[in-house]
Structure formats: C-alpha cells, structure tokens
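S.K.: how does the following fold in three dimensions:
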Amino acid sequence: MPRERTAAGFILVCPQPAPPRYLLLRNALHGTWGFPKGHSEKGESLMETALRETAEETGITDVGVVQDFEFSDSYEVTTPKRGAYRKTVTYFLALTPVARHVQSREHSESGWFCFEDALKRLKFPALQQALRLAQARLEAKAP
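M.R.: Numbers count the residues shown, from 1 in each chain. Model prediction:
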C-alpha cells in the first residue's frame, strides 16, 4: 500500500461584479487547470494548509470561508521525487472581495472565470464536480 499524503486548497470566488468568477491556476508542469492547493505540513490542519497554500500561490489572504462546504478527492500519484502514494485533497469554498492575485512560478497561467468557462477548463471529473457543488452552494446561499 502506498504512503498517504494530504493536501488542501480553496475554490475561490470573487462575487462582484456579477456574475461570480472562480480563480483557476494552470500547472506549469502538466498543463492542467485547477484550484489553489498544496500539501499539508506536519501538524497543520487542512484549513491551515488551504490558507497557507492560497497565500503562497496567489498572494490572496482576504478570504471569507463559506461554512458547511468541504469536498475531498483521493487518487494515486507517482512522482520521481516521492515515488508512489495516495493523495487526498480537500477543498473548501471561500469568497474574496477583489479579483486580484499574483501568479506563482508553479503556474503558467491563471485567471478568474465565470462558472461555465471555469468548468470547460477543468479536465478532471472530480474538480468539475467540486465546482458544480460550489456553484450550487453559492446559489443556495444567495438572498
């Protein structure tokens, strides 16, 4: 059985001006789009990981976490550096007031996209499902 690692991040939404836009980052190594996330450090909670990684990858620290939203996905990973392991990534949902960010060197592109455009960019079904659930949660929360 491979070792296990945890990671966490945010599905970040800038609600204004309407329609809400989601932040996606394109991985510089494999070219796929995803949300800000990264591996947990020893003793760190998943929420602490999500906050730290989001700040490191985007410069965004002003986030309002949407309560009662959590999405996890587990899959097998094999890398030259770490070998084979099982990775579980947990995503939280958060709002940020300003659609401004910095792009880390880990990413070749980044941007804020409406729901439909973000969904088209996401290759992995689990990330598409996470985005759909986030959108539904935001719509349920709307006045």
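S.K.: ok, which stretches of this protein are helices?
M.R.: 46-58, 115-121, 125-141 (DSSP state H).
S.K.: what residue ranges in the chain score low on pLDDT?
M.R.: The model of the chain has pLDDT under 70 over residues 1-2, 142-143.
S.K.: which parts of it are strands?
M.R.: 3-14, 21-27, 33-34, 37-39, 64-79, 83-95, 107-113 (DSSP state E).
S.K.: out of these, which gets nearest to Arg121?
M.R.: Nearest to Arg121, of all those, is strand 33-34, at 4.2 Å by C-beta to C-beta. C-betas here are computed from N, CA, C, even on glycine.
S.K.: circling back to that earlier point, and the helices of the chain as a markdown table, adding mean neighbour count and distance to Ala8?
M.R.: A markdown table is the format used below for these (neighbours: other C-beta atoms under 10 Å; distance: least, C-beta to C-beta, whole Å):
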| stretch | mean neighbour count | distance to Ala8 |
| --- | --- | --- |
| helix 46-58 | 20 | 4 |
| helix 115-121 | 16 | 19 |
| helix 125-141 | 16 | 12 |
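S.K.: which of those helices sits closest to Glu70?
M.R.: Smallest distance to Glu70 across the helices of the chain (C-beta to C-beta): 8.4 Å, for helix 46-58.
S.K.: what's next to that closest one, contact-wise?
M.R.: Here helix 46-58 makes contact (C-beta atoms under 8 Å, 6 or more residues apart in numbering) with 6-10, 12, 23, 25, 36-41, 44, 60-61, 63, 65, 90-92, 94, 101-104, 106-107, 110.
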